[in-house]
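J.: Have a look; sequence and predicted model below, questions after that.
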Amino acid sequence: MTLKQKVYFKTFGCRTNLFDTQVMINALKDFIQTPYEEDSDIVVVNSCTVTNGADSGVRNYINRLQNEGKRVYFTGCGVQTQGQTLLEKGLVSGVFGHSHKERINALLKQESKFYLKDNLEALEQEILSDFVGKSRAFIKIQEGCDFVCSYCIIPSVRGKARSFSQDKILKQVQNLIQKGFSEFIITGTNMGSWGKDFGLNIATLVESLCAISSLKRLRIGSLEPSQIDEKFLEVLENEKIERHLHIALQHTSSKMLKIMNRYNTFEKDLKLFNALRNKGFALGSDFIVGHPGESEEIWKEAFENFSQLPLTHLHSFIYSPRDNTPSALLKDRINGNVARERKNQLETRVRANNLKFREALCARKMPLNVLVENVTLQDSMSIAQGFDEYYNKVQIFSKQPILKDSWIKIENFNPRMDKNYAEI
């Protein structure tokens, strides 16, 4: 009997890529997926191309693999930007776009080299049978983006916004519930645009997901502020929705938002964030620091505005040029040290906000519901880690065994700067 070859998936980038990797894992029939690169015969690189730096990181990884005698295949968002070059240099055995990932079993069996470009109008058809190696399952609800932000190349590599049907999404969730999953994260390239191609909206979908009895907690991935309407705010009252929202602002200066070709304005963003805070939500955002044009005057305005926002979580990025985008052509570049200092200002502010938020919960004796994601044993003590409904880390110490993927209600906890601590 011939032993099946082992395949390792290296995933770069966002949650959408993580979901795409799961699609490929589920499509393997004549191969075995391994979580260990050193144990593999084949490596499939699911790439990110959001910046030139992302492309470079992927190339460095592929170059390192050349010394290890593995067959390498290349997919993901980088197919258009560097797939052909990698194939011509002999660094990979095959290149295939997102729209071909369900065919991966047949592609890995091909003996000749190949390049299959993406169909930017396609959506995968299969429903996942499992979500390997995770406590929470990601559900991709749509693909592509219709925004035209000046710094971003993603619409040109993922295509226009297009949605999976509500029926397919509900079947996907039900299928994974049968595998024991109870917390789900809905995600997509531009998730808030779900349903606009067939007359529905994201609020409708969230409502239908919360109606599934065995679904315990629903986390909503990144949204654009312009996509949150009154109906969505009403749906947020459902207790199954995680009390944390991530809303992508990218900046807080009106001048900078115009340079970035963004739809949101700070005045509307502040009103929205205050309304969500009053509903008890922890709030996260994205912020790009050091984009061309971010003068000292603009930064001062931005930080004053930023400081008014009730933010508890932050993904901050120092601007990195992406070839073939309008921003990459701008000349007014910001010094790297200046950008790093600005980034530090933002993160310091949000860390303080986050601790204050958790201290307020503690003072009000608000219980936390934690999904345990990993457990270690130390001196006959179980040490569990997981996230609560506000998307804050919790570390739990117990003399009793704690099971991975179990739910624990924490009545008392000690908030510290890095995370919450509890004993049960």
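T.: Done, it's in.
J.: rest of the way, CA atoms for contacts and neighbours
T.: Fine.
J.: buried residues in stretch 89-98?
T.: Neighbour counts over stretch 89-98 (16 or more other C-alpha atoms under 10 Å) mark 91-98 as buried.
J.: now for the longest helix along the chain, which elements pack on it?
T.: Longest helix of the chain, by residue count under DSSP state H: helix 336-363. Applying 3 or more C-alpha pairs under 8 Å, 6 or more residues apart in numbering; DSSP states H and E, one finds that helix 336-363 contacts strand 282-289, strand 313-318, strand 414-415.
J.: From the buried residues of stretch 89-98, which land in helices?
T.: Among those, no member lies in helices (by DSSP H).
J.: These in strands, which ones?
T.: Of the buried residues of stretch 89-98, the ones assigned to strands by DSSP state E are 94-96.
J.: tell me the secondary structure for Phe19?
T.: Look at Phe19: counting by DSSP: H, G, I helix; E, B strand; the rest coil, its state is helix.
J.: what residues are up against the residue nearest to Ser226 when sequence neighbours are not counted?
T.: Closest residue in space to Ser226, ignoring its immediate chain neighbours: Asn264 at 6.2 Å, by C-alpha to C-alpha, 6 or more residues apart in numbering. By C-alpha atoms under 8 Å, 6 or more residues apart in numbering, Asn264 lies in contact with 225-226, 249, 257.
J.: elements contacting the lengthiest strand in the chain?
T.: Taking DSSP E as the assignment, the strand of the chain that covers the most residues is strand 368-378. Contacts defined by 3+ C-alpha pairs under 8 Å, 6+ apart place strand 368-378 against strand 381-387, strand 407-410.
J.: What residues sit buried inside the longest helix of the chain?
T.: 339, 342-343, 346-347, 349-351, 353-359, 361-362.
J.: Check stretch 126-134 too.
T.: Neighbour-count burial for stretch 126-134 [16+ other C-alpha under 10 Å]: 128-131.
J.: do stretch 172-184 as well
T.: 172-177, 181-184.
J.: Just the angle for the helix or strand containing Phe303 relative to strand 282-289, thanks.
T.: Here Phe303 is covered by helix 296-306, with elements defined by DSSP states H and E. Here helix 296-306 runs at 180 degrees with respect to strand 282-289, directions being taken by axes from the mean of the first three to the mean of the last three C-alpha atoms, to 10 degrees.
J.: The helix or strand Thr75 falls within pairs with which strands, and in what direction?
T.: Secondary structure assignment for Thr75, by DSSP H and E: strand 71-76. Paired with strand 71-76 in the same sheet, following DSSP bridges, are strand 42-47 (parallel), strand 94-96 (parallel).
J.: Quick check: mean pLDDT of the longest one?
T.: Strand 42-47 shows an average pLDDT of 96 in the prediction.
J.: any idea how far Ile186 is from His244?
T.: Counting by C-alpha to C-alpha, to the nearest Å, the separation of Ile186 from His244 is 13 Å.
J.: Common neighbours of the two, please.
T.: By C-alpha under 8 Å, 6+ apart, the residues touching both Ile186 and His244 are Arg219.
J.: The stretch 51-200 of the chain: strands as residue ranges?
T.: For the stretch 51-200 of the chain, the strands defined by DSSP state E, counting those that start in this stretch occupy 71-76, 94-96, 114-116, 137-143, 162-163, 183-188.
J.: Output these as CSV; include the columns distance to Asp388 and mean pLDDT.
T.: Listed next are those as CSV, based on distance: least, C-alpha to C-alpha, whole Å; pLDDT from 0 to 100:
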stretch, distance to Asp388, mean pLDDT
strand 71-76, 31, 95
strand 94-96, 38, 95
strand 114-116, 42, 94
strand 137-143, 16, 93
strand 162-163, 29, 96
strand 183-188, 11, 94
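J.: Quick one: those strands as a markdown table, columns for distance to Ile288 too.
T.: Formatted as a markdown table, these follow (distance: least, C-alpha to C-alpha, whole Å):
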| stretch | distance to Ile288 |
| --- | --- |
| strand 71-76 | 23 |
| strand 94-96 | 31 |
| strand 114-116 | 33 |
| strand 137-143 | 23 |
| strand 162-163 | 26 |
| strand 183-188 | 20 |
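J.: wait, which of those is closest to Val23?
T.: strand 137-143 (10.4 Å; C-alpha to C-alpha).
J.: Determine how far the closest one lies from the middle of the whole chain.
T.: 10 Å (C-alpha atoms, centre = their mean, to the nearest Å).
J.: list the helices and strands it packs on?
T.: By 3+ C-alpha pairs under 8 Å, 6+ apart, strand 137-143 packs against helix 15-27, strand 162-163, helix 166-177, strand 183-188.
J.: Include distance to Lys109 when you put these into CSV, please.
T.: Shown next, in CSV, are those (distance: least, C-alpha to C-alpha, whole Å):
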stretch, distance to Lys109
helix 15-27, 13
strand 162-163, 31
helix 166-177, 28
strand 183-188, 30
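J.: Of all these, which one comes closest to Gly284?
T.: strand 183-188 (15.1 Å).
J.: ok, that closest one: who's next to it in the sheet?
T.: In its sheet, and by DSSP bridges, strand 183-188 pairs with strand 137-143 (parallel), strand 217-220 (parallel).
J.: Save those strands as TSV, and put in distance to Phe31 and mean neighbour count too.
T.: Below are the strands paired with strand 183-188 laid out as TSV (distance: least, C-alpha to C-alpha, whole Å; neighbours: other C-alpha atoms under 10 Å):
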stretch	distance to Phe31	mean neighbour count
strand 137-143	23	24
strand 217-220	32	22
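J.: Could you dump the ones you listed into TSV and include distance to Val206?
T.: Output for these, formatted as TSV (distance: least, C-alpha to C-alpha, whole Å):
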stretch	distance to Val206
strand 137-143	11
strand 217-220	8
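J.: Can you get me the start-to-end distance on stretch 78-85?
T.: End residues of stretch 78-85 are separated by 11 Å (C-alpha to C-alpha).
J.: just to revisit the earlier point, just name the closest of the ones in strands among the buried residues of stretch 89-98 to Val7, please.
T.: Gly94 (14.3 Å).
J.: How about Trp299: what's its closest non-neighbour residue?
T.: In space, Trp299 is closest to Ser253, 7.4 Å off (C-alpha to C-alpha, 6+ apart).
J.: for Lys419, same thing?
T.: Nearest to Lys419 is Lys393, by C-alpha to C-alpha, 6+ apart, at 5.2 Å.
J.: Nearest to Phe317, out of the strands paired with strand 71-76?
T.: Here strand 42-47 is closest among these (C-alpha to C-alpha), at 18.8 Å.
J.: Distance from the chain centre to the closest one, please.
T.: 19 Å.
J.: angle of it against helix 15-27?
T.: 150 degrees.
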